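A.B. asks: Everything below, folded, please.
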Amino acid sequence: MESLSSSLKKKATEQHYRAEVMIAGEQLRLRLHDGKLIKDRRYHLRTYPNCFVAKELTDWLIDHKEAPDRETGIRLMQKLMDHYIIHHVCDEHSDYKDAKLLYRFRKDDGTFPLSKDVKVFMRGQSLYEKLVSVEESILKVREENSVKYQRTFLGCEMIDWLVQEGEAENRKEAVELGRALLEHGIIQHVSNRHHFFDSDILYQFWINFRRRRRLTELLNENSSRALSESPDSPFCLRKLNPDPGNTSFLSVQTNKEIKIVSAVRRSSITSLAGNSNPYFGTTPTLVFPPVAECNPKSVLKRPVTNEELLSPGAPYIKKTLTIVGDAVGWGFVVRGGRPCHIQAVDPGGPAAAAGMKVCQFVFSVNGMYVLHLDYQTISSLIMTGPRTLVMEVMEAIE
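C.D. replies: As a prediction, this is how the structure comes out:
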């Protein structure tokens with residue numbers, strides 16, 4: 001059976017790092033849009049759409065703990081320039097300068113190069129998202145030689161799935177796709193010894209597409225293997241001991257501990273499972289007690305039905321909110337069912353900044369209609385989805 005040559009391993013590692021840079025760059029782009037650093041700007045009687053000021057971005061990187069100092073911030077952004085993620089709006093500077101110069105993400109102006117390598121990466125990301133979003137996924141935690149591996153699958157299982165889902169016309173085409181994904185550092189043999197085959201050899205997704213990246217990771221091109229072993233979900237719940245007199249707030253964090261974040265004026269749950277221990281679970285699965293126990297009083301003045309929300313001429317308007325989770329989550333609580341409503345909003349969190357308010361009704365989550373779902377299901381959709389959350393809400397007209 002064909003073993004991986006050193007040159008092929010080197011190529012896959014390089015492509016893997018390139019993919020990590022693209023993911024980190026895209027996550028940064030979404031955060032900057034959400035923070036209004038990317039916007040139309042006017043200079044010398046000309047308007048430059050969707051751009052940012054380099055000096056302002058360096059300040060932002062330091063303020064948000066993405067860079068310890070200005071020198072590191074410059075190095076990080078130069079990495080993005082070197083990989084064709086950002087560029088000077090007039091392409092007059094090939095390097096990133098910490099000055100009042102305008103730069104732009106190539107994805108915002110259509111100049112991002114869609115090379116063959118990028119297309120393979122995008123295909124791999126699409127397959128990954130499709131696999132992790134289905135029940136009974138072939139991606140599982142498996143053990144080989146007393147070592148546990150995340151996001152694994154057997155080669156023959158992947159071939160079966162690709163053909164069954166119409167991602168490949170036949171097994172030969174599916175094998176070719178698998179080999180391309182391996183050569184681009186998207187999947188790998190768990191011990192990095194074999195190429196991709198239609199067999200019972202164990203492989204894994206080397207790239208965890210849903211993990212939140214820190215930009216400083218880009219400065220170490222040799223750290224990608226260790227980083228890819230982080231938890232699958234970019235967020236899970238966390239719990240802190242609430243201060244006396246304060247209520248607690250359901251949120252999310254980039255670790256595997258389930259917690260409740262405490263803060264003044266944050267309201268909702270005082271207990272998730274009636275357990276006084278600071279940590280009562282280690283999986284990112286949402287587990288809630290009955291509504292009456294964890295949320296005894298709704299913020300709604302009266303019950304509202306789906307029929308009332310959707311009836312012609314109803315006094316409600318639909319709004320679309322884009323919420324990018326920060327270090328402690330999205331900052332809101334969903335309660336109720338059919339329809340669900342916003343029970344609490346952290347005044348200093350991303351949801352509040354995006355325009356979320358209590359008593360809004362949840363219409364859709366990441367494009368999925370959810371008026372007919374209960375809050376546990378909606379919370380699970382949010383938890384297992386991407387860090388950038390797009391929600392449609394129905395708000396009463398004053």
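A.B. asks: ok, Pro68 to Leu218 distance?
C.D. replies: Pro68 sits at a distance of 14 Å from Leu218 (criterion: C-beta to C-beta, to the nearest Å). All C-beta spots, glycine's among them, are computed from the backbone N, C-alpha and C.
A.B. asks: One more: Ala19?
C.D. replies: Per C-beta to C-beta, Ala19 is found 12 Å from Leu218.
A.B. asks: Low-confidence ranges, this protein, go.
C.D. replies: Regions of the chain meeting the criterion pLDDT under 70 cover residues 1-3, 221-296, 327-328.
A.B. asks: Show me the helices in it, by range?
C.D. replies: Counting by DSSP state H, residue ranges of the helices within the chain are 6-34, 54-63, 70-82, 106-109, 116-132, 155-164, 171-183, 224-227, 291-294, 306-310, 350-354, 375-384.
A.B. asks: Which strands and helices lie in contact with the last one?
C.D. replies: Going back to what we said before, that points to helix 375-384. Of the remaining helices and strands, those touching helix 375-384 by 3 or more C-beta pairs under 8 Å, 6 or more residues apart in numbering; DSSP states H and E are strand 332-336, strand 361-365.
A.B. asks: Minimum distance to Glu167: which of these has it?
C.D. replies: Put simply, out of the helices and strands packed on helix 375-384 the one that sits nearest Glu167 is strand 361-365, at 25.4 Å, with distance taken as C-beta to C-beta.
A.B. asks: just the angle between that closest one and strand 332-336, please?
C.D. replies: In this structure, strand 361-365 runs at an angle of 110 degrees to strand 332-336, with axes from the mean of the first three to the mean of the last three C-alpha atoms, to 10 degrees as the basis.
A.B. asks: May I see the buried residues of strand 361-365?
C.D. replies: Neighbour counts using 16 or more other C-beta atoms under 10 Å place 361-365 of strand 361-365 among the buried residues.
A.B. asks: relative orientation of that strand and helix 375-384 in degrees?
C.D. replies: Per the same axes, to 10 degrees, the angle that strand 361-365 makes with helix 375-384 is 40 degrees.
A.B. asks: Hmm, Lys55 is touching Tyr103, no?
C.D. replies: No - the criterion here is C-beta atoms under 8 Å, and Lys55 misses it with Tyr103 at 10.5 Å.
A.B. asks: correct me, but Ala54 touches Arg104?
C.D. replies: No - Ala54 is not in contact with Arg104 according to C-beta under 8 Å; the separation is 10.8 Å.
A.B. asks: For Gly355, find the nearest of the helices and strands packed on helix 375-384.
C.D. replies: In terms of C-beta to C-beta, the element of these nearest to Gly355 is strand 332-336, at 11.3 Å.
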